[in-house]
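Student: Okay, structure incoming, though there's no sequence with it:
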């Protein structure tokens, strides 16, 4: 937590955060006026529960975008992981301790493979991960066409557990973000992501192990997708080969809204966390107001374009 | 008295807080090459942009061919015959020479479609006027920089040109390419074109220019025929104070002891054919030669960013085996690359991160980067190298070229305890910063660091080096003692083998 605070303090003048925070405040105030159910402890508990999966995937996406890349395989990877977890646990509910680490290792390995392929084949990450996404999706469907499997009580309980009225999953998410923030700012490998994303050639000339850092960032994105899948399976109780499809593009929104630049080298996880909060809260409020999901899409699109254009204008000054 | 092509009087330009141009008078006569001198930030580029219609002045007046004008756009100025060639060329690398030359004036056929044949014919005609032989079908990125520049000049000749403005055209070319450029400038001059020539290289000004105007802090510090001013007077006017000495004193005695770096019979591709060089601790070794003679490649091989085909590199008597930047850095070798924006700095990151990039381990305590330690080191380097920046948190992209270069010195001087390789360390840096950089280089040498410095500026090579290797077409053409070196002796070695092969090989190498 201290790292997040430190990052926030250092960036407190950075307009990127100011914009997102201002939008958040606006949203909370507007929500309070427009709906009497919005500003309630109960709703915020639900809201935090909802944002955990998107938050996790977006965190992984942040590492890759900071590096100047993009990961379009996260959605399929989440789906595949939920299918794996739910079916494994249906077969042996007692092996929870094995199933979850196994899922995480596999997701991390697939992420690492993405990074490795961008290096070895010298193909743009957009293409590599798009291809990988398709491969994973098809591979999953070969075994399971419909949602299936089940999870033991313990895992399901975890997803609804509360501590001081706050969902435990949300606390875990914030803790992971804090850790990620500390790692990015204060560790050699984390800092190296900014170097490689800022200028790959310069990073090489400064003696940084560029290839290793690239593979690491994609591996972390895979790991985050695996963690998201655990949260998701715990909540839904099934493995669904299509459940993550929309997550791929959704995961990019909070990253860029939070001020991380698609070209790499600038941004951070705090922005992403605020971005996730903004997007989730917006959809939550629109649901209360009975706005059709068609409009929700339109509004979310507008938010992306407006937020990023404000970041860009600010940077140009 | 002939009517000037362009005459600016009491031109002012003001932005909030800065005044890049303050009552500037400037005139260019037809058939005159008028050099524009000044430090970075003196107002040269603003003045050029006023003439070219890219910005409108806040005050003063401008006449063009005797008539008062006030450009509304660069397009208007261009239509009137003013062509500005910027340092960053405005060419389309993927398109052909002909398409680039006629970018604004694609010839149409009877159906209103662009005619490829007419385009190549017209482009070839213009290139012939310039006396250069470049295929109109070649793609821009296949051409050496010098030829790309000629294409840019050819663009100016499509319409009528009365005033040609060249912004530091020789920063990226050298040797016979500069001669070719100057030949063409002289030809245009004979045709009555007025030429404004911006350069940091004073020697060139004496060679090519008729008159000179010196800007200092947005004001004209002096103007007149080139012959009326000495080199020293020009520098004094530019920096606003007398520079007692541009180059610091050389070593008194030749460096002794074992070589810190010994490169023997290095070969790599067709650019590096046979290079043997030695550097001793505490000496400045210069590498002179044309662009494309293999100088930069040798530096890259030593640092480990380029593979070699043969030869040996010994560092402190031991052969280097892994040859990666990481190993070089670990051994105490630093490398300031030629192109600091593309290959050295992280422009979006603060000074502190840029200084510490190759040495994160040096500020890591128990797995975490020690922010205060990092900041302290950055502050110390900012002070040591007199970087003009308010704090270590300033993004490097916001600094001037000279200050960016000093940040790089701040970074590499910590790493390079043994050997520092410098590739064009003063390119694009103004004279005041240059003098500081020379002092820094000599100081590092006095602390026992071996310096290997590549430069295209002969006065700099001669003024600073203890020993000089002259390269030509991938070979070391000769070694000269720094104290007794002359420009003629260096040029003689640098062009000797090119004459033999009519320069063909060197030009091909640049294409590759």
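Tutor: Good, I have the coordinates. This structure is a prediction, so every number in the text was calculated from the model and none was measured.
Student: Could you use CA atoms for every contact and neighbour count after this?
Tutor: Will do.
Student: Contacts (any at all) between chain B and the strand or helix carrying residue A:228?
Tutor: Assessed by DSSP states H and E, residue A:228 sits inside helix A:210-236. No. Using CA under 8 Å from any CA of the partner chain, helix A:210-236 stays clear of chain B, with a minimum separation of 10.8 Å.
Student: and that helix, what other elements does it pack with?
Tutor: On a contact count with 3 or more CA pairs under 8 Å, 6 or more residues apart in numbering or on different chains; DSSP states H and E, helix A:210-236 meets helix A:41-66, helix A:74-91, helix A:96-120, helix A:153-160, helix A:188-198, helix A:200-205.
Student: Quick check: nearest residue in space to the residue of the stretch 101-250 of chain B found nearest chain A, chain neighbours excluded?
Tutor: Nearest to chain A in the stretch 101-250 of chain B, going by CA to the nearest CA, is residue B:141, at a distance of 20.1 Å. Spatial nearest neighbour of residue B:141, chain neighbours left out: residue B:93 (4.8 Å); criterion: CA to CA, 6 or more residues apart in numbering or on different chains.
Student: and if you look at residue A:190?
Tutor: Nearest non-adjacent residue to residue A:190 (CA to CA, 6+ apart): residue A:184, at 3.9 Å.
Student: other SSEs contacting the strand or helix carrying that neighbour?
Tutor: Using DSSP H and E, residue A:184 sits within helix A:168-186. The helices and strands touching helix A:168-186, judged by 3+ CA pairs under 8 Å, 6+ apart, are helix A:2-10, helix A:41-66, helix A:153-160, helix A:188-198, helix A:269-288, strand B:368-369.
Student: what angle do that helix and helix A:188-198 make?
Tutor: Following axes from the mean of the first three to the mean of the last three CA atoms, to 10 degrees, one obtains 70 degrees for the angle between helix A:168-186 and helix A:188-198.
Student: got the buried residues for helix A:168-186?
Tutor: A:168-171, A:173-174, A:176-186 (16 or more other CA atoms under 10 Å in any protein chain shown).
Student: And for stretch B:75-94?
Tutor: If you call a residue buried by 16+ other CA under 10 Å, then stretch B:75-94 has these buried ones: B:77, B:78, B:80, B:81, B:82, B:83, B:84, B:85, B:86, B:91.
Student: Count the residues that sit near residue B:64.
Tutor: By the criterion of other CA atoms under 10 Å in any protein chain shown, residue B:64 has 23 neighbours.
Student: my guess is it contacts residue B:26, does it?
Tutor: No. The criterion here is CA atoms under 8 Å, and residue B:64 misses it with residue B:26 at 11.9 Å.
Student: what sits in contact with each of these two?
Tutor: Counting by CA atoms under 8 Å, 6 or more residues apart in numbering or on different chains, the shared contacts of residue B:64 and residue B:26 are residue B:7.
Student: circling back to that earlier point, the residue of the stretch 101-250 of chain B closest to chain A and residue B:115, how far apart?
Tutor: 23 Å (CA to CA, to the nearest Å).
Student: Residue B:183 now?
Tutor: In this view, residue B:183 and residue B:115 are 32 Å apart by CA to CA.
Student: show me what contacts the residue nearest to residue B:141?
Tutor: Residues near residue B:93 by CA under 8 Å, 6+ apart: B:139, B:140, B:141.
Student: quick one: which of these has the most company?
Tutor: Comparing the contacts of residue B:93 by number of neighbours (other CA under 10 Å), residue B:140 comes first, having 22 neighbours.
Student: Local confidence estimate at residue A:12?
Tutor: Residue A:12 is assigned a predicted lDDT (pLDDT) of 39.
Student: Over to the residue of chain A found nearest chain B: give its phi and psi.
Tutor: Using CA to the nearest CA, the closest approach of chain A to chain B is made by residue A:207 at 4.0 Å. In terms of degrees, to the nearest 10, the main-chain angles of residue A:207 are phi 80, psi 20.
Student: For the residue most central in space within chain A, list the residues it contacts.
Tutor: The residue lying closest to the centre of chain A (CA atoms, centre = their mean) is residue A:58, at 1.8 Å. Applying CA under 8 Å, 6+ apart to residue A:58 gives the contacts A:251, A:252, A:254, A:255, A:272, A:276.
Student: who touches the residue of chain A closest to chain B in this structure?
Tutor: For residue A:207, the contacting residues are B:324, B:325, B:326, B:327, B:329, B:358, by CA under 8 Å, 6+ apart.
Student: now do residue A:31
Tutor: Applying CA under 8 Å, 6+ apart, we find residue A:31 in contact with A:38, A:39, A:285.
Student: can I assume the last one is in contact with residue A:38?
Tutor: Right, the one you point to is residue A:285. Yes. Assessed by CA under 8 Å, residue A:285 is found in contact with residue A:38 at 6.7 Å.
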